[in-house]
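Q: A structural model of the following input is requested.
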Amino acid sequence: MTQLSDNEIALIPEIMSFWGFDHPAKIAPITLGISNHSYIVTTPLHELVVKFLINQPVETVENDVAIQMSLVNAGIGTPEYLSNDDGIYLFVREHHHAVVSRRIHGCVPKTIDLHLAHEFGHMLAGFHTSVKHLPQPNTRGLMNPVTSKIKSALFSQALPKGIIHGDFHTGNALVDLATQKRIIAICDFEEAGENIYIVDLAVTVMGVCSYAENVMDLELIRAVIQGYETLRPLCAQEHAYFPEALQYSAHAWIQWFQANGYGKYARNHQKRLETVMQLDLKQ
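A: Presented below is the predicted three-dimensional model:
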């Protein structure tokens, strides 16, 4: 365990007190994810998740809370940050920043079939149709062309836009434990911001629709799109520019992975990009 993790764990009893919970009986790190550090914390009466913000800007916590409220109002499951008795959502000690939510009993999906791919599309459209505003503009999201510095014809077109998730893939969804066929929660909104909707759909397709050896699967792609269109039908121009959106989103992630030392993920995404461009994406 790293020194950083040791320091985080040492702070968790104080964090529990900050929110008025009992002293933790058990602390277990969540090993998935590369952006922040999270822990499952068990007290005599509660199961909680403590998330330390590592790469996530502190100011986006206000956006997270707004997104969570919008999703809950739309009947979509999501971890909800808790506020303490003073209405404060963020714990701050020196360079440590943490938020707390109640644990949702689900798991990240281990495999993707057509039904679950359809679910991913449907839930992404649910996000797009329910989240309409962010209190803080987020220009740091990785899909933002100002951040990626990748030129694309997408951003000179009058394509539908709004608030996107920016990183909705298998690692940012929880499915029910019994069947693993139903998404019960959407997680992790640090990349959320205003952008073109089909860029977000492309991010999800690239993150969901591959099988062994990172080869993209046409039927899974179609299932995601069909699930999406149950709530928000794509216009003709969005269908026409979708291949461009796939290339843009893939290059943005490959660039970020390479810049931050995640060469394996960059190679995986490069293989997905190469194989998806060989498919006939026309409906």
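Q: a strand runs through Y248, doesn't it?
A: No - under DSSP: H, G, I helix; E, B strand; the rest coil, Y248 sits outside any strand and is assigned helix.
Q: would you confirm that it contacts V199?
A: Yes - because the distance of 6.4 Å satisfies CB atoms under 8 Å, Y248 is recorded as touching V199. Bear in mind the C-beta positions are built from the backbone N, C-alpha and C, glycine included.
Q: shared neighbours, the two?
A: 143, 154 (CB atoms under 8 Å, 6 or more residues apart in numbering).
Q: list the buried ones in stretch 214-230?
A: Along stretch 214-230, these residues count as buried under the neighbour rule (16 or more other CB atoms under 10 Å): 214, 216-217, 220-225, 227-228.
Q: counting by contacts, list what the strand or helix carrying P243 packs against.
A: Per DSSP states H and E: P243 is located in helix 236-259. Packing contacts for helix 236-259, counted by 3 or more CB pairs under 8 Å, 6 or more residues apart in numbering; DSSP states H and E, involve helix 145-148, helix 197-208, helix 263-276.
Q: run through the neighbouring helices and strands of the shortest one.
A: Helix 145-148 makes packing contacts with helix 236-259 when contacts are defined by 3+ CB pairs under 8 Å, 6+ apart.
Q: at 6 Å what do you get?
A: Packed against helix 145-148 by the contact rule (3 or more CB pairs under 6 Å, 6 or more residues apart in numbering; DSSP states H and E) you find no helix or strand.
Q: state the mean pLDDT of it.
A: Average pLDDT, helix 145-148: 94.
Q: next, the buried residues of it.
A: 145, 147-148.
Q: pretty sure H97 contacts N55?
A: No - contact criterion CB atoms under 6 Å: H97 and N55 do not qualify, at 11.5 Å.
Q: tell me which of those two has more neighbours.
A: In this view H97 and N55 are compared by other CB atoms under 10 Å, and H97 has more residues nearby, 18 against 11.
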